[in-house]
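Student: what would the 3D arrangement of this be:
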Amino acid sequence: MVAGRRLTMDLNADLGEGFGRWTLGDDDALLGLVTSANVACGFHAGDAVTMRRVCDRAVGRGVTIGAQVGYRDLPGFGRRFIDIEPEALTQDVIYQLGALQAFAQVAGARVRYVKPHGALYNAIGSHEEQAAAVVQAVLDHDPTLAVLGLPGSLWLRRAQEAGLRVVREAFADRAYTPQATLVSRRLPGAVLHDAAEIARRCVAMATGQPIADVDGGAVTLVPESICVHGDTAGAVEIARRVREALTAAGVHLAAFT
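Tutor: Here you go, the predicted model:
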């Protein structure tokens, strides 16, 4: 509780990021800790069997299903920028949304939101044509879907202008610049690993307090959802510590949609 107000926070994780016999992360354990699941849709990771399994288990755990859409880049795990034509990007995103929606429907639910992945997430923070292309895909497929993204990003601004519901996101296990943007994964210290420190940062984020930026200054984030990356080493323990710390601080955990 803060000033008599009940605080609520969504806790999301990137799930279903294996492919074929290759596995990544512990989807089942994380589904017991998060409130929203960003499910890979087959372009940067994920396959039909994995999508079906994660959707089934998310529904069983009462976890909201979101589509984690990305570039068609399995070898690079979607972390390489692709200079794709806007029209093609729109159709690629619709393709991914349609695939996951089919598995969510079979599981007795539906896709409720969209979160771009990796290089696409970063690109549409400032790339005008690609941001517009992803917004158009959501509008064409289902304009009732919420969209998840970095506060201040072009992606969220264009989505809001188009009438979509936008949800501001922060990252539990990533370092921030003084400008409240993510430190590039190519730089040292970009990914955080100390579970106790990550948990403390998440409580600060959820309660409107500043966190340390990469330069040692302070930056204040105002997220509605906090992401724990499923592929970060120790992701399950990090998610558990974050959940426990938020609950202890009086923050109610619930999906934003």
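Student: going forward, measure contacts between C-alpha atoms and count neighbours the same way
Tutor: Noted.
Student: okay, now the unreliable bits of the stretch 51-200 of the chain?
Tutor: Along the stretch 51-200 of the chain, no part satisfies pLDDT under 70.
Student: so which residues of it form helices?
Tutor: Remark: helices assigned in the stretch 51-200 of the chain by DSSP state H, counting those that start in this stretch are 86-106, 118-123, 128-141, 154-161, 195-206.
Student: how about those in JSON lines, adding mean neighbour count?
Tutor: Rendered in JSON lines, the data for those read as follows (neighbours: other C-alpha atoms under 10 Å):
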{"stretch": "helix 86-106", "mean neighbour count": "19"}
{"stretch": "helix 118-123", "mean neighbour count": "21"}
{"stretch": "helix 128-141", "mean neighbour count": "20"}
{"stretch": "helix 154-161", "mean neighbour count": "20"}
{"stretch": "helix 195-206", "mean neighbour count": "20"}
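Student: could I get these in TSV, plus columns for distance to D173?
Tutor: As requested, the helices of the stretch 51-200 of the chain are exported to TSV (distance: least, C-alpha to C-alpha, whole Å):
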stretch	distance to D173
helix 86-106	26
helix 118-123	14
helix 128-141	25
helix 154-161	21
helix 195-206	6
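Student: and of those helices, who's closest to R174?
Tutor: Distance to R174, taken as C-alpha to C-alpha, is lowest for helix 195-206 among these, at 8.9 Å.
Student: contacting residues around L221?
Tutor: Residues near L221 by C-alpha atoms under 8 Å, 6 or more residues apart in numbering: A170, A180, M205, G208, Q209, P210.
Student: repeat for L164
Tutor: L139, P143, T144, L145, A146, V147.
Student: cool, and L145?
Tutor: For L145, the contact set (C-alpha under 8 Å, 6+ apart) comprises V111, R112, Y113, V114, V138, L164, R165.
Student: just the buried ones from these, in ChimeraX syntax?
Tutor: Selection of the buried residues among the contacts of L145 in ChimeraX, burial being defined by 16 or more other C-alpha atoms under 10 Å:
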select :111,112,113,114,138,164,165
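Student: on that earlier part again, ok, the contacts of L164 vs N38, which is closest?
Tutor: V147 (11.3 Å).
Student: what's across from that closest one in the sheet?
Tutor: When assigned by DSSP bridges, V147 has beta-bridge partners V114, V166.
Student: tell me, how many residues neighbour it?
Tutor: The burial metric for V147, expressed as a neighbour count using other C-alpha atoms under 10 Å, is 25.
Student: now it: how far from L182?
Tutor: Separation of V147 from L182 (C-alpha to C-alpha, to the nearest Å) stands at 18 Å.
Student: what of G108?
Tutor: G108 is 35 Å from L182, where distance means C-alpha to C-alpha.
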